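# Compute the structure for the input listed below.
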Amino acid sequence: MKNFFRLVRCGGFLFVVFCIFTSTNPLHAQWIQTNGPYGGDVYSLAINSSGYIFAGAYGGGVYLSTNNGTGWTQVDNGLTNNFVQALAINSSGYIFAGTNGGGVYLSTNNGTSWTQVNNGLTNSDVYSLAINSSGYIFAGTAEYGGGVFLSTNNGTSWTQVTNGLTNSIVWSLAINSSGYIFAGTEVGGVYLSTNNGTSWTQVNNGLTNSDVYSLAINSSGYVFAGTNGGGVYLSTNSGTSWTQVNNGLTNIGGVVFSLAINSSGYIVAGTMEGGVYLSTNNGTGWTQVSNGLTNSDVRSLAINSSGYVFAGTNGGGVYLSTNSGTSWTQINNGLASSDVQSLAINSSGYIFAGTDGGGVFLSTNNGTSWTQVSNGLTNSVVYSLAINSTGYIFAGTYGGIYLSTNNGTSWTQVNNGLTNSNVYSIAINSSGYIFAGTNGGVYLSTNNGASWTQVSNGLTNSDVRSLAINSSGYIFAGTYYGGVYLSTNNGTSWTQNGLTSSDVQSLAINSSGYIFAGTWCGGGVYLSTNNGTDWTQINNGLTYGYVSSLAINSSGYIFAGTWFGGVYFSTNNGTSWTQVNNGLTNSFVYSLAINSSGYIFTGTDGAGVFRSIESTVTGVRNAGSQVPISYGLNQNYPNPFNPTTTITFSVGTYSHTSLWVYDMLGREVATIFSGELPAGRYTKQWNAEKLSSGIYFYRLTARQTSGGQAGLFTETKKLVLIR
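Numbers count the residues shown, from 1 in each chain. Model prediction:
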């Protein structure tokens, strides 16, 4: 998610590519998905009348369990957008999935197949869904004029219902027994509609925190609102007035992502970094009930007819409690979706994966199996990992640094003197000195983390996202839109050293001392051969300029993990790059690591860890004959867009290929490409500056023109232009 919000801040600089129309076929590494880490970002849960559980995974689509979570099956056929933020089920058992960028999808057969139902839904970022007793569906959407949409016909068509709803970001929706609709918004608090959304009234008296993430209503009609920073509020009069009910709710920051109420009226609250809290008295008092809940960032909750509570977490998948939260069990068998933000490999070849919300996982067999090793790791958002020559592991988290001296069996927080707790990067020099890059500059420890000293003199940009140390002990710090800084004296002083306005997310240094800087917002990779005095942009063939990670193998080959583009590699110090993604089914790469045998591991957003099938030292081979085995049209990105977007498609064999854009009435408004193409994967950028805002459709047709067999492929997808 942090990368998603960073993409939004990039604004109009999104996806400026120099090679407008390129094939990315010539070389392909071979990848295999490892068996985990299991978990994932489960932002939504829903249970039907048969007790089937549906889990919406952000980046993983929808999973189904028919046995209370003992096993899960991915049910995504037709679900072309897999960033699922909301789920709702009507009385007929129809399932509606709200996605980030894909609008609403409908399944009438328990997820076996899905159909996009977006006619009239002009905002495709759906945060929340609710269904009333008449079967009317309400969808809460993001900004850009979104607000609430209504469908009275199972999503066949939608109407915007925002009269009086002056805040258009709707995080949560709830409907009481009288049919009153409550909408929790960003900054705007709660709105009420008593007439199916025809008009709305703001009902915030006493609601001093106005960012409302979750809503729940009990059988007495009491409304509970979970907020961003204010904990829980209660209204006993349909929102006319609110009272803060936080006694015992001690979670950090008071962030309540989710609320659910069982048949006894017990309320469970899913929080950020606090796990689950329980109230048996309408919020008068709360008790933390997180025993066994090793992931404390709880984004969704659902309760079945037996009173079993299911908790969806950010990075840890789903947990089950059969006793109102007294104890929890992780139930992720088959739910293989996790955000792996950091990777590190020790001298024994053990792999450690730091996840977003799931803590640390360990594999001792090259990813064949993973074990969660988070005992004592009280903060489960792991941004960075580093291992010293003794084998001690340091984990940089949302809550400072943790140390393990026993391969993750146990962890100790080592934050003495570390006053800034967001540790994005860690580097260790040859003397064993540890440098931590935080949102408050750089800190140094000379005693394995026992104490820390801030070493930021001259570091005028204090948001340090990446660190690297060369053979001379020089330290390079990549910052958030401050470029690169250099220290030649262990951080005593710093000098800004080129790339002064770049967001430098990753740094790597090869055996010749060449420095490679991976940047965000379309900047790609930069190279310096003189300790950062001068930099050159080296993006030839690197068609996706969002570089989150860099790694260099023993042969000097450079690997770049990108956001949207998967992995690229260069054998000539970045003079040219080749995309190597065959088998890498997730193209959002957070992290890279290479073991002593040359195998490369990549941590992804939502799909866990992938491993190269062959060693990268000898196994990167020409695969000109390994063309895509089928035709395909990918979703454009970004979407919505203004005014430029990128479309990627695959051609299975030599074909006459056309890519057109149509408006809602079926009229052709643009021909992006038309001509003969050999088999391969292609990318095309389209500029819609002459068109007005609205929904458009783009269609790929490809007719085979060689090989003795005729055949026609066609596929259509939707894109949204927002001015």
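
# What is the burial count for Gln50?
One thing to correct before we go on: residue 50 is Ser, not Gln. Neighbour count of Ser50, defined by other C-beta atoms under 10 Å: 9. For glycine as for every other residue, the C-beta is placed from the backbone atoms N, C-alpha and C.

# Quick one: residues contacting it.
Thr66, Gly93 (C-beta atoms under 8 Å, 6 or more residues apart in numbering).

# ok, now how distant is it from Thr575?
Here the criterion is C-beta to C-beta, to the nearest Å. By it, Ser50 lies 59 Å from Thr575.

# Same question for Gly135.
Counting by C-beta to C-beta - Gly135 and Thr575 are separated by 60 Å.

# what's the answer for Arg667, then?
Between Arg667 and Thr575 the computed distance is 45 Å (C-beta to C-beta).

# neighbour count winner among these two?
Thr575 (11 against 8).

# Quick check on the more buried one: phi, psi?
phi -60, psi -40 (degrees, to the nearest 10).

# confidence score at it?
What the model reports as pLDDT for Thr575 is 91.

# same deal with Ser210?
Per the predicted model, pLDDT is 82 at Ser210.

# Gly40 too?
65.

# avg pLDDT for stretch 170-186?
95.

# just use 58 as the starting number from now, easier for me
Got it, the first residue is 58 from now on, which makes the last one we talked about stretch 227-243.

# which of the residues in it are buried?
227-233, 237-243 (16 or more other C-beta atoms under 10 Å).

# Keeping just the C-alphas, turn it into PDB.
Extracted as PDB, the C-alpha positions of stretch 227-243 are listed here (Å, rounded to 0.1, in the frame of the first residue of the first chain):
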ATOM      1  CA  VAL A 227     -16.500   6.600   1.400                       C
ATOM      2  CA  TRP A 228     -14.600   4.100   3.500                       C
ATOM      3  CA  SER A 229     -17.500   2.300   5.100                       C
ATOM      4  CA  LEU A 230     -21.200   1.600   4.800                       C
ATOM      5  CA  ALA A 231     -23.800   0.100   7.100                       C
ATOM      6  CA  ILE A 232     -27.600  -0.200   6.900                       C
ATOM      7  CA  ASN A 233     -29.900  -0.600  10.000                       C
ATOM      8  CA  SER A 234     -33.200  -2.500  10.200                       C
ATOM      9  CA  SER A 235     -35.200   0.600   9.200                       C
ATOM     10  CA  GLY A 236     -33.200   0.800   5.900                       C
ATOM     11  CA  TYR A 237     -31.300   3.900   7.100                       C
ATOM     12  CA  ILE A 238     -27.900   4.000   5.400                       C
ATOM     13  CA  PHE A 239     -24.800   5.300   7.200                       C
ATOM     14  CA  ALA A 240     -21.700   6.300   5.300                       C
ATOM     15  CA  GLY A 241     -18.300   6.700   7.000                       C
ATOM     16  CA  THR A 242     -16.100   9.000   5.100                       C
ATOM     17  CA  GLU A 243     -12.500  10.400   5.000                       C
END
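
# and Val521, bridged to which residues?
Beta bridges link Val521 to Thr536, judged by DSSP bridges.

# next one: the one 4 residues further on
Under DSSP bridges, the beta-bridge partners of Ala525 are Phe533.

# Tell me which residues touch it, please.
Ala484, Ile532, Phe533, Gly535, Leu564, Ala565, Ile566, Ile572.

# what sits against the fourth one?
In other words, Gly535. By C-beta under 8 Å, 6+ apart, the contact list for Gly535 reads Ser482, Val521, Arg522, Ser523, Leu524, Ala525, Val541, Val561, Gln562, Ser563, Leu564, Ala574.

# Quick one: low-confidence residue ranges for the protein.
Within the chain, the stretches with pLDDT under 70 are 58-87, 92-97, 116, 200-202, 352, 372, 390-395, 663, 673-687, 761-768.

# Start and end of stretch 434-452, how far apart?
For stretch 434-452, the first-to-last residue distance is 9 Å (C-alpha to C-alpha, to the nearest Å).

# How about stretch 624-640?
End to end - C-alpha to C-alpha - stretch 624-640 spans 11 Å.
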